[in-house]
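Colleague: mind folding the following:
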Amino acid sequence: MPMLSNNEEQSAPIKEIYKEIDQYKDQIVSNISRIVRCKSVMEKSQPGKPFGQGPYQALQIALEISRELGLKTADLDGYVGYAEYGEGEDYVAVPVHLDVVPEGTGWTVDPYSGVVKDGKIFGRGSSDNKSPAIAAIYSLKILKDLNIKTKRRVRVIFGTNEETGMECLDYYFKKESLPLYGFSPDAGYPAYNREKGIMSLYLEKDTNELARCTDISSIEAGNAFNVVPEFCTVTFNTPYKDDLEVLSDISKGEPGKVYYINERYGKVIASRGTPAHGSTPEDGLNAIAVMLEYLYEKLPNIKECGFLNFIWNKIGYEPDGASLGIAMEDSLSGKLSNNLGLFS
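Modeller: Here you go, the predicted model:
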């Protein structure tokens, strides 16, 4: 909900809105916790559930809450839905999203508990973007309760694929007309009027370089392209020897370090990074870069692997694409962001 100053000069409608917000406070908190408890990370598509069970379930929860509050709703084949208030031919869009990025590690509470502690709701998606989604629903409810007439319809659109491709909105606009205008409560307060675009680029090479130059059988990292990877795992064909600490769980390791997993001189090592959103890679520590730095120090022959050379020398730890030759910036948007999110 907007943070408005509560003073004597406020108009009567604003004062009434404050009263309504206070009336629904416990409900709002309860429903935020309810939807946070839904693990809405993208999964394998199922019939009627294009982005998997979690995002579909979150969409159904949002629609159910909206219907309980007396709002008009629609479900567009499990891709996207909306709640709406008002009349008229045109509408204003308020797009929110109910999907989340993977929870990662290091939580002091269950990331899908929606627990309330010290006046805050804890859980994956509690900020991005489930709380704003619930607040938007209740904004429509308050307009309805107070019988405030709007010049056009106001529609809260529930996306379920914002974090991994925006296919939900692609589908929406195949089914629905464009809004007259819109705004999304998915940024800093009070308002942002621009956002960087995004390009997901997949680099693939069919090569036996690893097998020819090293004893490595696989390198695996990341679970979403828009998240800085927290872990990177390397598996060798035969036992690998080095002076590394042994861990049973890499999430217990220190960021920036490499460890044996489960046994000393075993076949599996892993690096620990620090996760961050892919739009701000400078806030994290990429576990892929940590691992490549280690491997290039320990395995001389790895320098014969052209593909890995490209990844290490042209991307590495850089968050801005400088060595790729794509670095750029402007005074409004800042620097280009470049994130190596997946490796397999």
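Colleague: how is the protein carved up into domains?
Modeller: 12-182, 209-335 (automatic domain parsing).
Colleague: okay, how far is it across the first one, tip to tip?
Modeller: The one in question is domain 12-182. Taking C-alpha to C-alpha, to the nearest Å, domain 12-182 runs 26 Å from one end to the other.
Colleague: so which of the domains of the chain comes closest to residue 202?
Modeller: Closest approach to residue 202 among the domains of the chain (C-beta to C-beta): domain 209-335, 8.5 Å. Every residue, glycine included, has its C-beta placed from N, CA and C.
Colleague: how long is the closest one from one end to the other?
Modeller: Domain 209-335 has its terminal residues 34 Å apart, counting by C-alpha to C-alpha.
Colleague: quick one: it to chain centroid distance?
Modeller: Centre-to-centre, domain 209-335 and its host chain are 21 Å apart (C-alpha atoms, centre = their mean, to the nearest Å).
Colleague: the chain should start at 51 in everything you say after this.
Modeller: OK, 51 is where the count begins now, so the last one is domain 259-385.
Colleague: could I get the average pLDDT for that domain?
Modeller: Domain 259-385 carries an average pLDDT of 95.
Colleague: ok so, going back, make CSV out of the domains of the chain and add distance to residue 245 and mean neighbour count.
Modeller: Shown next, in CSV, are the domains of the chain (distance: least, C-beta to C-beta, whole Å; neighbours: other C-beta atoms under 10 Å):
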stretch, distance to residue 245, mean neighbour count
domain 62-232, 12, 18
domain 259-385, 8, 17
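Colleague: how about these in JSON lines, adding distance to residue 241?
Modeller: Converted to JSON lines, the domains of the chain look like this (distance: least, C-beta to C-beta, whole Å):
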{"stretch": "domain 62-232", "distance to residue 241": "13"}
{"stretch": "domain 259-385", "distance to residue 241": "14"}
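Colleague: ok, residue 390 - contacts?
Modeller: The contact partners of residue 390, by C-beta atoms under 8 Å, 6 or more residues apart in numbering, come to 272, 279, 336, 338, 339, 361, 365.
Colleague: close enough to count as contact, the last one and residue 372?
Modeller: No - here residue 365 does not reach residue 372: they are 9.8 Å apart, not a contact under C-beta atoms under 8 Å.
Colleague: could you tell me the end-to-end distance of stretch 206-220?
Modeller: Terminal residues of stretch 206-220 lie 16 Å apart, using C-alpha to C-alpha.
Colleague: what of stretch 193-212?
Modeller: End-to-end distance for stretch 193-212: 27 Å, by C-alpha to C-alpha.
Colleague: same question for stretch 202-214.
Modeller: 31 Å.
Colleague: in three-state terms, label residue 205 for me.
Modeller: Taken by DSSP: H, G, I helix; E, B strand; the rest coil, the conformation at residue 205 corresponds to strand.
Colleague: next: residue 109.
Modeller: State at residue 109, reduced to three classes by three-state DSSP: helix.
Colleague: tell me where the stretch 151-300 of the chain has strands.
Modeller: 166-167, 170-171, 203-209, 231-232, 266-271, 281-286, 296-297 (DSSP state E, counting those that start in this stretch).
Colleague: tabulate those strands (a markdown table), appending distance to residue 220.
Modeller: A markdown table is the format used below for the strands of the stretch 151-300 of the chain (distance: least, C-beta to C-beta, whole Å):
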| stretch | distance to residue 220 |
| --- | --- |
| strand 166-167 | 36 |
| strand 170-171 | 31 |
| strand 203-209 | 10 |
| strand 231-232 | 16 |
| strand 266-271 | 28 |
| strand 281-286 | 31 |
| strand 296-297 | 42 |
